[in-house]
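J.: Take a look and give me a structure for this.
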Amino acid sequence: MLILITMGFLSGVVTVLSPCILPILPIMLSGAVGGKRRPYGIVVGFVLSFATFTVFATFLVQSLGIDLDTLRYIAAAILALLGLTLILPRLQEKINSLVKIPQLNTGQKTGFGGGLATGATLGLVWAPCAGPILAAVITLAATAQAGVGSFLVVLSYALGTGVVMLLIILGSRRVLERVRKLYAHLGTIHKIFGVLVIIAALGIVTGYDRKVQTYIIDITPASWTTFLQGFEQGEVIEGAIEYLDEKREELNIDGGPAPEFKGITAWINSEGETIADLKGKVVLIDFWTYSCINCIRTLPYIKDWHQKYSDDGLVIIGMHSPEFAFEKKLSNVQKAVEDFELEYPIALDNDFATWVAYQNRYWPAKYFIDREGNIRHTHFGEGAYQESEEVIRQLLAEGGDMPEEAISEVSGGSYNIMQSPETYLGYWRLANFNNHKELVKDSSHNYRKSSKLSNNQWTIDGQWRMEEKRLISESDQSRLQIKFNGKDVFLVMGSSESKEVRAFIDEQRQTDVLSPIAVDEFKLYDIVRHDSFIEGGVLELIVPEGVELYAFTFGS
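T.: As a prediction, this is how the structure comes out:
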């Protein structure tokens, strides 16, 4: 238990370095203004609220009949009200006079009470990245198996996050106090923090915080999150988790029968599926949840497999097992499925009945089942995409011919931490676009390319029309430049009639002319194939009128 408590604390510390902290960062920084004891109130409220809410959420739902999703909305509303009081100090005074609790005044006395209320709301709305330790505790709580030990592990996790949170708040406060020019404009700073807190609260309510996280994920190397959570893995940690989960039994994954789906509360994109009815098909079960960063990273590969192999007999089941209570709500999951454009069946495993049946403990986790209904392979976490696709192809081949379509070049091979991220060229998931100040959506516009590009940035020149999910050339001399890291560059593009795209690559100031690319259908095209890894290469494309560009991907 001491091992889990210690590692739980360290996991909480490194969580602050992940994109999961971004939705509540403005609220944390707001603690820099107000009474001297306010930051301590925020941290205490956060630690106690998060630990209690995480471990006892199932009890509250089952015993007290509390709608935790509604409770989360109320918490977000309180945060928005906090933002308003920072913008309108008189509103704070009015609230204090009505409720007659003067210690809630953030500008007078200690501010500990106001900080405590703010921190308590943070604990209700925050959904952190869950590594193996926190995931194990959450699922124990969801299946009503959590005890004192589980609470202590989550408490240590919250303390780890809280310590770093306190340091950030105190550091921000110290900057305000030492820089006199900033302190002279304290009233304006209050208002700025107030606006940021309101924006954060609205993002939490509307789910837009998930889109922000997705954007950050797109520009963050996949290996970073894996690195942050990597120290939670190992035989010692695995043994400690198994001790915590005394009811766990090992599942036979070497040809044993796949357990039937249990306790599914709803289906999306399907009327319902069973393992028995799926015999004769190759089945991939993907345990995921929509706020899990690691899960989100895997979705493009799973969608690709569904598109390529569903006609050959592959059935993918997205087993949605929620980390937090708000992820149990059907409408929330439906919106996430729509946002991520998932077309395969999604099952809501809200009570973790199927999770327990498969003795799972990871997000994401993949179970590969053959046509006879036996588990033949598993993979936990991100990565190994080429290996996973090879397993799918082999299982499909056992019941007939090998699928004709080859494994995608972008789904396997080695991975270099410096490799450029997938880059979308429509405004829906726009990132690293150097012409953003002159962006015109859904209309023709004459762009001027930027003279300097940083790594992974791109720019366009000439007449273009940018739509939600594509970029369309409207001149035969339209140009696009992107500065990339990688051995290979791929681009999804297409045209209703045959066009020729010309390409140039400038590596270390030596320009090479690449072979012209005949674009006559909508697909993934190879643009660059290089023997060695290129750092800071600049690729330039001359794109004729009518050619549509969708997304770059890179290989290393």
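J.: how near is Asp476 to Leu25?
T.: Look at Asp476 and Leu25: by C-beta to C-beta, to the nearest Å, they are 46 Å apart. Placement of C-beta: from N, CA and C, glycine included.
J.: for Phe261, same thing?
T.: Applying C-beta to C-beta to Phe261 and Leu25 gives a distance of 39 Å.
J.: and if you look at Trp305?
T.: In terms of C-beta to C-beta, Trp305 sits 35 Å off from Leu25.
J.: and if you look at Ser473?
T.: 39 Å.
J.: Those two: which is more packed in?
T.: Ser473 (27 against 14; other C-beta atoms under 10 Å).
J.: mind checking the longest strand of this protein?
T.: strand 523-543 (DSSP state E).
J.: Next, the buried residues of that one.
T.: 524-525, 527-528, 533-534, 537-543 (16 or more other C-beta atoms under 10 Å).
J.: before we move on, what about stretch 492-509?
T.: Val492, Met493, Gly494, Ser495, Lys499, Val501, Ala503, Ile505, Glu507.
J.: contacting residues around the fourth one?
T.: Listed by C-beta atoms under 8 Å, 6 or more residues apart in numbering, the contact partners of Ser495 are Val519, Asp520, Phe522, Gly546, Val547, Glu548.
J.: Which among these count as buried?
T.: Val519, Gly546, Val547, Glu548.
J.: so of those residues, which ones are in strands?
T.: Val519, Glu548.
J.: What residues sit buried inside stretch 39-51?
T.: Result for stretch 39-51 [16+ other C-beta under 10 Å]: buried residues 39-51.
J.: circling back to that earlier point, let me know the closest of the buried ones among the contacts of Ser495 to Gly111.
T.: Glu548 (55.3 Å; C-beta to C-beta).
J.: That closest one touches Lys469, doesn't it?
T.: No: under the criterion of C-beta atoms under 8 Å, Glu548 makes no contact with Lys469, lying 9.7 Å away.
J.: Distance of Gly113 relative to Gly194?
T.: Distance from Gly113 to Gly194, by C-beta to C-beta: 19 Å.
J.: Correction: the previous question concerned Leu176.
T.: 15 Å.
J.: who's more crowded, the two?
T.: Per other C-beta under 10 Å, whichever of Leu176 and Gly194 has more neighbours is Gly194, with 22 against 16.
J.: Can you tell me the closest non-neighbouring residue to the more buried one?
T.: Leu86 (3.2 Å; C-beta to C-beta, 6 or more residues apart in numbering).
J.: Just read off the phi/psi values of the one you found.
T.: Dihedral pair for Leu86: phi -70, psi -30, per degrees, to the nearest 10.
J.: Could you double-check that Glu500 lies in contact with Val519?
T.: Yes: the pair Glu500 / Val519 is scored as a contact, 7.2 Å apart, by C-beta under 8 Å.
J.: Output the contacting helices and strands for whichever strand or helix holds Leu82.
T.: Assigned by DSSP states H and E, Leu82 belongs to helix 68-87. If you count contacts as 3 or more C-beta pairs under 8 Å, 6 or more residues apart in numbering; DSSP states H and E, helix 68-87 packs onto helix 89-99, helix 112-125, helix 186-206.
J.: Can you give the distance of that helix from its chain's centre?
T.: In terms of C-alpha atoms, centre = their mean, to the nearest Å, the centre of helix 68-87 is set 23 Å apart from its chain centre.
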